[in-house]
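1. structure for the following, please:
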Amino acid sequence: MRYLRYAMLVIASCVMTPAVSAAPDKDTRAEYIRSHYAKYEYNIPMRDGTKLFTSVYIPYDQSKSWPMLMQRTPYRVAPYGSSDFKTRLGPSEKFEQEGYIFVFQDVRGKQMSEGEFVNMRPQDAYKRGKDAVDDATDAYDTIEWLVKNVPNNNGRVGQWGISYPGYYTSVSGINSHKALKAISPQAPIADWFFDDFHRNGAFSTPMAFLFFDTFDAPRTEPYPYRLEGRKVTTPDGYEFFRDLGPLANVNKNYFHGERPFWNELTEHPNYDDYWQARNVLQHLDKVKPAVLVVGGWYDTEDLYGPLATYQTMSRKNKRDNVQIVMGPWYHGQWIGDKGSNMGEARFGFETSVWFRDNVLLPFFNQHLKEESEDKYEQTATMFETGANRWRFFGQWPPADTSEKTLYLTKGDSLFENKPDKDGGASDYVSDPRNPVPHSAAISRGWDRPYMAEDQRFTARRPDVLKFETEPMTSDMTVAGEVNVNLWVSTDKTAADFVVKIIDVFPGVDENTNEVDKETGDRHELVRWGIIRGRFRDSFSEPKPFEPGKPTQVSFELYDLLHDFKRGHRLQIQIQSSIFPFLDMNPQTYVDNIFHATEEDFVRAQHTIYHDAVHPSSVTFNVLPSQ
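-> This next block holds a predicted model:
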């Protein structure tokens, strides 16, 4: 049996900067770096005496001073050794040609840095005072040392990073150093109860299992190498995680209590003080550096983070100092490849290249290079999927929208009129042994293309409900969040509800009047979201369902900007599992799902009501037609 190395799977999605697709100029870029930059390595002391390993690449050209562009990461700043060079330093080759001092640092407690690592460390040093440390003070102390000790720097520092490094970028703005002039948190973690490992209380087992297997492994001393993950005997994540059974089996059969953060998260299934202390959004006021938040509409890991970070920063700070870019990208795709497609969804041009050249480079040049004439002044640069174009707004969500509500009704339909008393209800049976797959592909259970995947494979299952509009008579562009309001019941005491927004393509090409063999009747996923039913009223105080009782369940789907073209239909799918990406609800209420037993997992019949007394609906905002 061929083995699959979990470590390699983790690395593919969690590296500090996503791997670059093979390109003919790869060797040329590496040669340019070696011939134009000198590399130095330092152990920079923090205020408590802990030393953090830092590599610095300085231009050979000493005729002028250069700004510094820094990344702080828990994922290694390899290669180590002053004679071994990275093959890329900036977000693009043009950054290296522009001339920057590039700084890379292993964060406290990771790889070659001293100290203790704490996942999403609470940012409370300013409350504890004296020599108290956190991720924000480490950023401050690093910058203080750099501007005093690195030759030929111009006293201006920028910071950027993707995912966890995006989080470190966000927190650098807390009581920031005066030399920090610009930051770009990209797909930043904001709150781990909503990013990455949780989605409105539901748990992403494969993401957490694969990631923490190596990332959470305790260390006794600094080391430069990457840990190897465990081996399994199948590449089929659906099969592996279904056979895993209850989540308690992770420690029983694999981790054996040796992954500290895994142990902590399993003991905190609700949004309690533990998680609330790790919510970085509460600290993002009085942010002085210019901010460019970046995210991807198809990011399955950190979509909440950039949207919530932008909203919080723009609300609590000077609005014109905070900008956002949302492109048609998976996690880190805006740096990792050209961005011309996301799985089967194709955009017609290289969106990532456009962003790097026309937004990111001008942003940093504007704020870090005193002589630069570059400027990027758009507040919200948002890619409109469906129409496949960039749009620019003075704020996000846009101000000039109108609200539209679509009601579920009999005949699997969606209408703007409320259902009448005979609107009825729809039901289905949810079986923990046969959960709805999150993707038709065989994968590890944590992948990328499913975020824009054709949903016909679920539409044809008996445990998935679908409701659909008539074909659009004109384009309709949805902008912002989608509010879901369902009336539900279950014959058991617990349930999850997944809602998908789907763009259904026509079967015939309107230009040729011929069957469209490539995209005809494609059911393209636009957005999905979930609510773990126990959290319908509070994420901190869960409660069971009363069997058979109609109950209102409301939640939000994350923002989108999508154009439903003339002739297309908007479809809603409702189901109770999206496996294995999210764990299966046992459907028997237990205080802590991480402690559920095999006997707690039962089949359940769930009902969605859509009558005059119980009008289930989705509500969103629509832009004026252009």
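2. drop to CA atoms for contacts and neighbour counts, all remaining ones
-> Will do.
3. quick check: mean pLDDT across the longest helix seen in the chain?
-> In terms of residue count, the longest helix belonging to the chain (DSSP state H) is helix 135-149. Mean per-residue pLDDT for helix 135-149: 98.
4. and for stretch 444-451?
-> Averaged across stretch 444-451, pLDDT comes to 91.
5. over to stretch 390-404?
-> Across stretch 390-404, pLDDT averages out at 97.
6. end-to-end on that stretch?
-> This stretch, stretch 390-404, spans 23 Å end to end (C-alpha to C-alpha, to the nearest Å).
7. could you do stretch 593-604 as well?
-> Start-to-end span of stretch 593-604 (C-alpha to C-alpha) is 17 Å.
8. same thing with stretch 188-199?
-> 16 Å.
9. repeat for stretch 483-498
-> Start-to-end, stretch 483-498 (C-alpha to C-alpha) is 13 Å.
10. can you check stretch 211-230 too?
-> 11 Å.
11. go through it and flag the buried ones.
-> Buried residues in stretch 211-230, counted by 16 or more other C-alpha atoms under 10 Å: 211-216, 229.
12. now stretch 410-421
-> 410, 413-415, 418-419.
13. next up, the contacts around the spatially most central residue of the chain.
-> Closest residue to the average C-alpha location of the chain: residue 302 at 1.1 Å, with C-alpha atoms, centre = their mean. Going by C-alpha atoms under 8 Å, 6 or more residues apart in numbering, residue 302 touches 163, 187-189, 195-196, 295, 331.
14. make it 10 Å
-> If you count contacts by C-alpha atoms under 10 Å, 6 or more residues apart in numbering, residue 302 has them with 162-164, 186-192, 194-197, 295-296, 330-332.
15. my read is residue 214 is in a strand, agree?
-> No - if the criterion is DSSP: H, G, I helix; E, B strand; the rest coil, then residue 214 is helix and not within a strand.
16. that one touches residue 259, doesn't it?
-> Yes - applying C-alpha atoms under 10 Å, one finds residue 214 in contact with residue 259, separated by 8.9 Å.
17. ok, back up a step: mind picking the two most distant members of the buried residues of stretch 211-230?
-> Across the buried residues of stretch 211-230, no pair lies farther apart than 216 and 229, at 11.0 Å, counting by C-alpha to C-alpha.
18. need the overlap of contacts for the two.
-> Joint contacts of residue 216 and residue 229 (C-alpha under 10 Å, 6+ apart) do not exist.
19. in its sheet, what does the next helix or strand after the longest helix of the chain sit against?
-> Downstream of helix 135-149, the next assigned helix or strand under DSSP states H and E is strand 153-162. Strand pairing for strand 153-162, determined by DSSP bridges: strand 66-73 (parallel), strand 180-186 (parallel).
20. mean neighbour count, mean pLDDT and distance to residue 509 added to those strands, as TSV?
-> Output for the strands paired with strand 153-162, formatted as TSV (neighbours: other C-alpha atoms under 10 Å; pLDDT from 0 to 100; distance: least, C-alpha to C-alpha, whole Å):
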stretch	mean neighbour count	mean pLDDT	distance to residue 509
strand 66-73	26	98	48
strand 180-186	27	98	38
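21. adding distance to residue 428, write these out as CSV.
-> Below are the strands paired with strand 153-162 laid out as CSV (distance: least, C-alpha to C-alpha, whole Å):
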stretch, distance to residue 428
strand 66-73, 46
strand 180-186, 40
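22. okay, now the unreliable bits of the protein?
-> 1-26 (pLDDT under 70).
23. who's in contact with residue 259?
-> Applying C-alpha under 10 Å, 6+ apart to residue 259 gives the contacts 212-218, 251.
24. what's the closest non-adjacent residue to residue 251?
-> Nearest non-adjacent residue to residue 251, counting by C-alpha to C-alpha, 6 or more residues apart in numbering: residue 257, 5.6 Å away.
25. give me the neighbour count for that neighbour.
-> Residue 257 has 13 neighbours, counted by other C-alpha atoms under 10 Å.
26. quick one, phi psi at it?
-> The phi/psi pair for residue 257 (degrees, to the nearest 10) reads phi 70, psi 10.
27. next: residue 621.
-> Phi and psi for residue 621, reported as degrees, to the nearest 10, are phi -110, psi 140.
28. so it touches residue 480, yeah?
-> Yes - Residue 621 is within contact range of residue 480, at 6.5 Å (criterion: C-alpha under 10 Å).
29. if we can go back for a sec, report the separation between the residue nearest to residue 251 and residue 248.
-> Residue 257 is 11 Å from residue 248, where distance means C-alpha to C-alpha.
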